[in-house]
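Q: Got a sequence here, can you model it:
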Amino acid sequence: MHAVTAFWLSLFIAALILTGLPWSGILGTYINKSATYPQGFFSFDPQKPESTIPTKDVVNGVPWAAEQLPIPNSTSGMSGSISIEQVMSIGKNMELAPGYQIALPADEKGVYTIYSTTADLKKQTTLHIDQYSGKVLADQRFKDFSFMAKAVTIGIALHQGEYFGVTNQIICLMVCLGIILVAVSGVVMWWLRKPEGRVGSPALPKDFKMVKWVAVITNLLGIVFPLVGISLLIVLILDSLVIRRVPALKQLLG
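A: Here you go, the predicted structure:
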């Protein structure tokens, strides 16, 4: 149950992990900035005032590739802000997919943001609209994404079970159930095998030699995934400074 399930699901588990990384707190930020670097893959009105505030800092729920899209500033007008109905009309004229959302301007310099997170990736759109003139200041669509942003967007849709409907959801469900089975069966095996009165950690073989490429991969993973690296360092420090120096702990852990 443990080994066979893990073997057959390993590629799916790896795919699920990799497609989830763009949402992680540290690595995900760098992936997003690398995949959606703002120069040259979406169109801006050349007359718009510049801004360096990313969309994700003002609007929640925009498509992943639009999170780093800089929000432009509205140019104050004498007639006041346009109405929601006018914003909806702009969205209709821009042929947005049904089910889009509208974020209101955050302040007097803010913009209306219309964004569609439809499961049809080719129809995902993010618009920033001047709240006074109704001019479209930014128009970002799937076709404007970089190759990396398109790949990540497709990966996210697969991860969420949206790319090819119910079948996608069933596959993700089976993978998740498989992960639970592997974890639970691992604990059961440990419980059945552990020596009486000890945790039963595997003893280090006397002739053990660390394979160089394994050490290199481990170190690289510790750098690419900082929380993994920190965890490894904590274990090494505890092992060297505490466990090896306290006989009772050394005996308990085997």
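
Q: Okay, now the unreliable bits of the protein?
A: Counting by pLDDT under 70, the chain has low-confidence residues at 37-51, 254.

Q: need the contact list for the residue nearest the centre of it.
A: Nearest to the mean C-alpha position of the chain, by C-alpha atoms, centre = their mean, lies residue 23 at 1.8 Å. By C-beta atoms under 8 Å, 6 or more residues apart in numbering, the contact list for residue 23 reads 64, 156. Quick note: C-beta positions are derived from backbone N, CA and C, even for glycine.

Q: how close does it sit to residue 252?
A: Distance from residue 23 to residue 252, counting by C-beta to C-beta, to the nearest Å: 38 Å.

Q: For residue 108, which residues are in contact?
A: 74, 76.

Q: and it, that one's in a strand?
A: No - with DSSP: H, G, I helix; E, B strand; the rest coil as the criterion, residue 108 is coil rather than part of a strand.

Q: quick one, phi/psi of residue 116?
A: Reported as degrees, to the nearest 10, the phi and psi values for residue 116 are phi -120, psi 120.

Q: surely it meets residue 97?
A: Yes - using C-beta atoms under 8 Å, residue 116 is in contact with residue 97, at 4.7 Å.

Q: Pull up the overlap in contacts between those two.
A: In contact with both residue 116 and residue 97: 123, 124, 125, using C-beta under 8 Å, 6+ apart.

Q: so where's the longest helix in the protein?
A: What stands out as the longest helix in the chain, according to DSSP state H, is helix 165-193.

Q: Please identify which of the shared contacts of residue 116 and residue 97 is nearest to residue 2.
A: If you rank those by distance to residue 2 using C-beta to C-beta, residue 124 comes first, at 39.8 Å.

Q: Run a quick neighbour tally on the closest residue to the closest one other than its chain neighbours.
A: With sequence-adjacent residues excluded and distances taken as C-beta to C-beta, 6 or more residues apart in numbering, residue 124 is closest to residue 63, at 4.7 Å. Around residue 63 there are 24 other residues, counting by other C-beta atoms under 10 Å.

Q: Check the one 10 residues further on too.
A: Taking other C-beta under 10 Å as the criterion, the count of residues near residue 73 is 19.

Q: how close does the nearest residue to residue 244 once chain neighbours are set aside sit to residue 119?
A: In this structure, residue 244 finds its nearest non-sequential neighbour in residue 250, 6.4 Å apart by C-beta to C-beta, 6+ apart. Plainly put, residue 250 is 55 Å away from residue 119 if you go by C-beta to C-beta.

Q: Between those two, tell me which one has more neighbours.
A: More neighbours surround residue 119 than the other of residue 250 and residue 119, with 16 against 13 (other C-beta under 10 Å).

Q: Helix or strand for the residue lying closest to residue 175 once chain neighbours are set aside, just tell me which one.
A: Of all residues not flanking residue 175 in the chain, residue 12 sits nearest, at 4.6 Å (C-beta to C-beta, 6+ apart). Taking DSSP states H and E as the criterion, residue 12 maps to helix 3-20.

Q: Now do the buried residues in that helix.
A: 5, 6, 9, 12, 13, 15, 16, 19 (16 or more other C-beta atoms under 10 Å).

Q: cool, stretch 116-128 as well?
A: Buried, per 16+ other C-beta under 10 Å, within stretch 116-128: 116, 117, 118, 119, 121, 123, 124, 125, 126, 127, 128.

Q: Nearest to residue 196 among those residues?
A: residue 119 (54.4 Å).

Q: and the residue nearest to that closest one when sequence neighbours are not counted, how many neighbours?
A: Closest residue to residue 119 apart from its sequence neighbours, by C-beta to C-beta, 6+ apart: residue 162 at 4.4 Å. Applying other C-beta under 10 Å, we find 17 residues neighbouring residue 162.
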